[in-house]
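K.L.:
Below: sequence and its predicted model.
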Amino acid sequence: MAILPFQASANACRADIDSLNGLTFAIQNVGSGKDLRPFNASREEGNAIVLYNHHWWQCLTWRFTEISAGHFELSNVYTGKLLHVDISSAGMGTIIQRTGSPSSLSWEMVPQPGEVWGIRLSGTRLFITITSVEKNAPVTLSPFINSDSQKWRFIPQHPWL
């Protein structure tokens, strides 16, 4: 029986997952070539996370902090806020930034062929998904469909801006 990407075992690629902890990366979508960033680089609570052209900027850089085996908080280096979900939005949820709290969400990094990753909301089958390849396009959650719209590269990044 084939294992679907969203069913990968917690031990699959454990060495690669361990190598993410504490480091900073631009999170770049495979389909668009654009990175995740807070809209207009705003520090506002609940600000939308959108796609933006790759630059060596703090607002395009995310710190991966493992909070339990294979589960990460993703914090924006510029805003200090965590990648979160607005479940009040239409559909499966819009990706936003929020200040950390005891109810903070965690994310699972699911290895995909070709040294790319799916980013799954822990405890669900929902993956971060782009809605368009355009700059400032919103990012949402949706079930896995094995599309480049749900695959991400982690580009090591240590910006000074």
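P.N.:
Sure, I can see it. Numbering: from 1, shown residues only.
K.L.:
which residues in this protein form strands?
P.N.:
24-29, 35-38, 49-52, 62-68, 71-76, 82-86, 94-98, 107-112, 116-121, 126-130, 139-143, 152-156 (DSSP state E).
K.L.:
Which among the ones you listed is found nearest to residue 16?
P.N.:
strand 107-112 (6.6 Å; C-beta to C-beta). All C-beta atoms are positioned from the backbone trio N, CA, C, and that covers glycine.
K.L.:
What is that closest one packed up against?
P.N.:
Using 3 or more C-beta pairs under 8 Å, 6 or more residues apart in numbering; DSSP states H and E, the elements in contact with strand 107-112 are helix 14-18, strand 71-76, strand 116-121.
K.L.:
Let me have these in CSV, extended by mean pLDDT and mean neighbour count.
P.N.:
CSV is the format used below for the helices and strands packed on strand 107-112 (pLDDT from 0 to 100; neighbours: other C-beta atoms under 10 Å):
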stretch, mean pLDDT, mean neighbour count
helix 14-18, 61, 13
strand 71-76, 96, 21
strand 116-121, 96, 22
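K.L.:
so which of these comes closest to residue 43?
P.N.:
Closest to residue 43 of the helices and strands packed on strand 107-112 is strand 71-76 (C-beta to C-beta; 8.9 Å).
K.L.:
how much space is there between residue 98 and residue 106?
P.N.:
Relative to residue 106, residue 98 is positioned 13 Å away (C-beta to C-beta, to the nearest Å).
K.L.:
picking that back up, just name the most buried of the strands of the chain.
P.N.:
Ranked by average neighbour count under the criterion mean count of other C-beta atoms under 10 Å, those are headed by strand 35-38 at a mean of 26.
K.L.:
Contacts for that strand, please.
P.N.:
26-29, 44, 47-54, 57, 59-60, 62, 76, 78-79, 81, 83, 95, 97, 128, 139, 155 (C-beta atoms under 8 Å, 6 or more residues apart in numbering).
K.L.:
Quick one: mean pLDDT for it?
P.N.:
The average of the pLDDT scores along strand 35-38 is 98.
K.L.:
Only alpha carbons, please: show that strand as CSV.
P.N.:
Extracted in CSV, the C-alpha atoms of strand 35-38 (Å, rounded to 0.1, in the frame of the first residue of the first chain):
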residue,chain,number,x,y,z
ASP,A,35,7.7,33.8,-0.4
LEU,A,36,5.4,34.1,2.6
ARG,A,37,5.3,37.5,4.3
PRO,A,38,2.9,39.7,6.4
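K.L.:
Low-confidence regions, this structure specifically.
P.N.:
Along the chain, segments meeting pLDDT under 70 span 1-15, 88-91, 101-104, 161.
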